[in-house]
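Student: sequence-free structure coming up:
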Ligand code: CAA
Ligand code: NAD
């Protein structure tokens, strides 16, 4: 079944990027948010990103307008009824995701592929909430979606090979490099990356070095484009905490546990770059390390 129309659930950090790349690749794209305010925020961010590409002469003004013409924002789930694939990028909570899948299961045709961008939940736990476990896959994009080449394409023991192939080719059609992953919590990248970020926070708690020096150490010592704290702020500290909690529940290994410092920062609304403050303060032209009293 050729994919023509794509639905995206959630238009936050990831959903807006996913909707952008789908519209740019030529798909009719419908992005759905819970309310007007987050929807407008997400749509504005896409317009801004496309505008930057035009300024840098990486996209023509005509192609930008065509991409925006293929993109619709909505708060109504019914508007996703005619989609060939629906990609979910809402909060990392199984019940929130499954509530949407249950409703969409009744709204969408039986051929529609359901794909989750989850970081740490298993796809089978979502497939089980639907009457179409064969058409449920994982399509795990990386942040920032328009730039990062990788997509982890995930099959469960119940995924139809044909639905998997369609999802894999779809990821390729977005200009991404797909890899095949088994349905285990964290897939490949987060299995390794999440304990790394948690360990960096533990190193900071232990006073091994300052935030800036731990970041500099990993950037200059290992060639990472970002140090672990800039990266954690970029992912979102609330999202990192949720991912870690789910992986801890799955594997029962302490390395996935959120250190106390991360929990306190979240209690204080320090979610990282998206809230303006996390391990760094983003109110000025350059990020400045926050004094965390360590
Ligand atoms: N959205 C869109 N484009 C962006 C962007 C964003 N948020 N941030 C940067 N870019 C673009 C820039 O416009 C620039 O484009 P051009 O080359 O066309 O000019 C390009 O990316 C490079 O940006 P910069 O020169 O400003 O900065 P940089 O060289 O440091 O690159 C970066 C920025 C690509 C984000 C780079 O720092 C990087 O790769 N960081 C690591 C990101 C990473 O590890 N992501 C994975 C997070 S984990 C995850 O996603 C999984 C999960 O489930 C949690
Ligand atoms: P985010 O907080 O930036 O955005 C989530 C959006 O979902 C919000 O705008 C919220 O309004 C919306 N939302 C909540 N409930 C909804 C519902 N019922 N219907 C539609 N929208 C709803 O989060 P994010 O960083 O974009 O993460 C989204 C998903 O992508 C999570 O599963 C996360 O684990 C995963 N992910 C995140 C990253 C990352 O670096 N942040 C990378 C890869 C995957």
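Tutor: Ah, there it is. Since we're looking at a predicted model, the values are computed, not measured. Ligands and ions are numbered 1, 2, ... in the order given.
Student: mind listing what the closest residue to ligand 2 within the chain touches?
Tutor: Residue nearest to ligand 2 within the chain: residue 12 (1.9 Å; C-beta to the nearest ligand atom). Quick note: C-beta positions are derived from backbone N, CA and C, even for glycine. By C-beta atoms under 8 Å, 6 or more residues apart in numbering, the contact list for residue 12 reads 38, 42, 89, 90.
Student: closest to ligand 1 among those residues?
Tutor: Of the contacts of residue 12, the one sitting nearest to ligand 1 (C-beta to the nearest ligand atom) turns out to be residue 89, at 10.3 Å.
Student: what about that closest one, how many neighbours?
Tutor: Using other C-beta atoms under 10 Å, residue 89 is surrounded by 26 other residues.
Student: my guess is it contacts residue 9. True?
Tutor: Yes - using C-beta atoms under 8 Å, residue 89 is in contact with residue 9, at 6.3 Å.
Student: joint contacts of these two?
Tutor: Overlap of the contact sets of residue 89 and residue 9 (by C-beta under 8 Å, 6+ apart) consists of residue 15.
Student: distance check, residue 173 against ligand 1.
Tutor: 19 Å (C-beta to the nearest ligand atom, to the nearest Å).
Student: surely that residue meets residue 25?
Tutor: Yes - with contacts counted by C-beta under 8 Å, residue 173 reaches residue 25, the gap being 5.8 Å.
Student: these two: who's more crowded?
Tutor: Neighbours per residue (other C-beta under 10 Å) separate residue 173 from residue 25, with residue 25 holding more: 16 against 13.
Student: helices and strands around whatever helix or strand residue 105 lives in, which ones?
Tutor: Using DSSP states H and E, residue 105 sits within helix 94-107. Packed against helix 94-107, as judged by 3 or more C-beta pairs under 8 Å, 6 or more residues apart in numbering; DSSP states H and E, are the following elements: strand 85-88, strand 113-116, helix 123-127.
Student: which residues sit against it?
Tutor: Looking at helix 94-107 with C-beta under 8 Å, 6+ apart, the contacting residues turn out to be 9, 77-78, 80-81, 86, 88, 90, 112, 114, 116, 118, 121, 125-126, 129-132.
Student: one step back: which one (most neighbours) among the contacts of residue 12?
Tutor: residue 89 (26 neighbours).
Student: which non-adjacent residue is nearest that one?
Tutor: Nearest non-adjacent residue to residue 89, counting by C-beta to C-beta, 6 or more residues apart in numbering: residue 15, 3.8 Å away.
Student: could I get the contacting residues of the one you found?
Tutor: 8, 9, 31, 33, 42, 89, 90, 117.
Student: what of residue 185?
Tutor: 120, 121, 122, 191, 246, 247, 250, 251.
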